[in-house]
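Asks: Structure, please.
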Amino acid sequence: MENLESKLRQGLLGMTVYSPDVHASGISGDIDEFIARRTGLVPVLRHRLCHTAASIERFYATGVHKNVPNWHHVVDFFTGGPSLITFWYGEEAIDRLNSVKGKSHPARAAADTVRGHFFCDNAVCNLIHTSDDVPELIRELTAAECYGLLKAPFTGKAVPSEGFSQGEPELRHNGAYTFLKVMGRILGRDVETDPGSFEGSAELYGACIGELRSMAEQAPAPERKLISAFLRGDETVAAELEKYGASPQERFIVACSAATRSGWEEQTGLLDAVTELLGRLEGIEGFFIGGSSAARLYGYKCLPDDIDVICTDKALGEIAERLGLKIKRAEKSFGSYSYCSYSFAGYEVEFSTMADYAKGYKILIDSEMLARSAGQIPLMPPEDLICELYSLSRTDYHDDIVRAKKYRSFFGSALDTEYLERRFTGSGIGEAALADLMG
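Replies: Here you go, the predicted model:
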């Protein structure tokens with residue numbers, strides 16, 4: 001009878017190694033099914049492996065630890081629990097497994113890959129390893145002292161995953177979600193983000209980041225600092241969680257997530273996020289991007305962490321239906337307006353029927369605003385960005401009036417002064433404010 005080694009030599013065998021986060025989350029069976037559906041490969045042997053610090057260094061090749069960021073986390077991770085080796089049989093097995101794995105950082109992993117689909121959020125606990133080619137597979141098995149597995153007889157039959165999964169699946173490999181739950185526990189708040197409501201790693205990550213930002217707005221100073229530290233990628237936040245009763249496993253995954261958070265920031269730039277958002281809203285008319293996001297897309301140097309989408313009532317209804325969102329009402333001194341929220345890839349997106357509602361001033365959408373915002377990326381007209389800042393006039397957010405005057409200088413002669421004047425007077429802000437702006 002043929003053995004697995006002979007199939008490997010024929011190019012008909014590939015290997016995946018599920019890292020300890022798969023065992024902890026109890027999702028090895030789910031990933032097996034995912035890979036089998038997308039590749040047509042058959043799992044023919046499984047083996048549980050427990051790494052040591054020496055074996056994991058050998059496995060990832062001599063000297064690799066000198067070039068891999070956060071190597072200390074990698075060692076702690078792989079020595080903290082069992083890994084699972086699975087051999088897969090089929091044509092072009094190694095290439096197919098590499099194609100379904102996904103990029104090392106989930107922010108760069110396609111949605112139809114393991115790392116892009118299974119709510120992975122960091123480059124340490126990223127679920128799966130595959131071999132690049134046959135020589136590398138042989139080297140890795142030798143390093144792990146598991147080469148003898150290839151001597152097993154080949155039957156061609158799929159082996160069940162039962163016995164390799166750990167209870168009911170749970171999300172223990174996602175640091176952002178773990179941190180969100182820990183902060184909810186600390187603050188006595190129910191966590192609204194439900195992984196079952198999202199498709200893939202990017203959407204869940206964005207929802208977690210959005211809810212964390214909302215938590216920070218209402219949290220006491222010490223907890224607000226914790227959230228801010230996580231959001232800026234400071235992995236030392238994990239150690240601070242010990243005094244709040246967070247478990248070692250929770251602290252570890254939070255540290256991994258914070259340490260590799262920059263991957264999300266690099267991948268999900270504002271332009272990419274807006275482009276993806278517009279793709280989801282294709283065919284809907286009557287909205288445009290406003291606030292600091294619009295200013296950034298115009299070229300102004302700022303780093304918005306949210307995306308404001310200003311909508312007509314009709315557009316808001318269509319957007320809510322398209323994205324499965326619930327429209328809410330907010331009451332202000334001048335009346336009420338409608339809005340709904342949506343989070344993905346680190347941005348909180350708010351769809352609203354009003355461009356501005358501070359101090360009782362209202363900048364309502366009209367046909368001229370919509371016409372001026374028309375384009376490949378519909379942006380709030382710069383004159384209205386300035387008008388909005390003047391009406392807000394906050395002193396605790398980078399001083400809105402100062403920013404408005406900087407906008408005026410930045411846009412310069414591109415501003416339509418007649419339109420700007422109409423907006424100032426029509427919104428009730430007044431000629432005195434306009435004169436102050438124009439200086």
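
Asks: Just the buried positions in the host helix or strand of Asp436, please.
Replies: Using DSSP states H and E, Asp436 maps to helix 431-438. Using 16 or more other C-beta atoms under 10 Å as the test for burial, helix 431-438 gives 433-434, 437. C-betas here are computed from N, CA, C, even on glycine.

Asks: Check which helices and strands that helix is in contact with.
Replies: Packed against helix 431-438 by the contact rule (3 or more C-beta pairs under 8 Å, 6 or more residues apart in numbering; DSSP states H and E) you find helix 382-392, helix 400-411, helix 417-426.

Asks: Just the CA atoms of that helix, as PDB, please.
Replies: What follows is helix 431-438, C-alpha atoms only, in PDB (Å, rounded to 0.1, in the frame of the first residue of the first chain):
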ATOM      1  CA  GLU A 431     -22.700  87.900   8.000                       C
ATOM      2  CA  ALA A 432     -20.500  88.800  11.000                       C
ATOM      3  CA  ALA A 433     -19.100  85.200  11.000                       C
ATOM      4  CA  LEU A 434     -18.600  85.400   7.300                       C
ATOM      5  CA  ALA A 435     -16.700  88.700   7.600                       C
ATOM      6  CA  ASP A 436     -14.500  87.100  10.400                       C
ATOM      7  CA  LEU A 437     -13.800  84.200   8.100                       C
ATOM      8  CA  MET A 438     -12.900  86.300   5.100                       C
END
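
Asks: so that helix versus helix 417-426, what angle?
Replies: 140 degrees (axes from the mean of the first three to the mean of the last three C-alpha atoms, to 10 degrees).

Asks: what's next to helix 431-438, contact-wise?
Replies: 386, 390, 401, 404-405, 408, 417, 420-421, 424-425 (C-beta atoms under 8 Å, 6 or more residues apart in numbering).

Asks: on that earlier part again, name the stretch among the helices and strands packed on helix 431-438 that sits most buried.
Replies: Of all the helices and strands packed on helix 431-438, helix 382-392 carries the top mean neighbour count, a mean of 24, counting by mean count of other C-beta atoms under 10 Å.

Asks: mind listing what Ile319 touches?
Replies: Listed by C-beta under 8 Å, 6+ apart, the contact set of Ile319 reads 281, 284, 287, 309, 311, 325, 340, 351.

Asks: Same question for Leu12.
Replies: Neighbouring residues of Leu12 by C-beta under 8 Å, 6+ apart: 89-91, 93.

Asks: that older thread, list the ones among the contacts of Ile319 that fall in helices.
Replies: Members of the contacts of Ile319 lying in helices (criterion: DSSP state H): none.

Asks: now, which of the residues you listed sits nearest His23?
Replies: Leu325 (35.6 Å; C-beta to C-beta).
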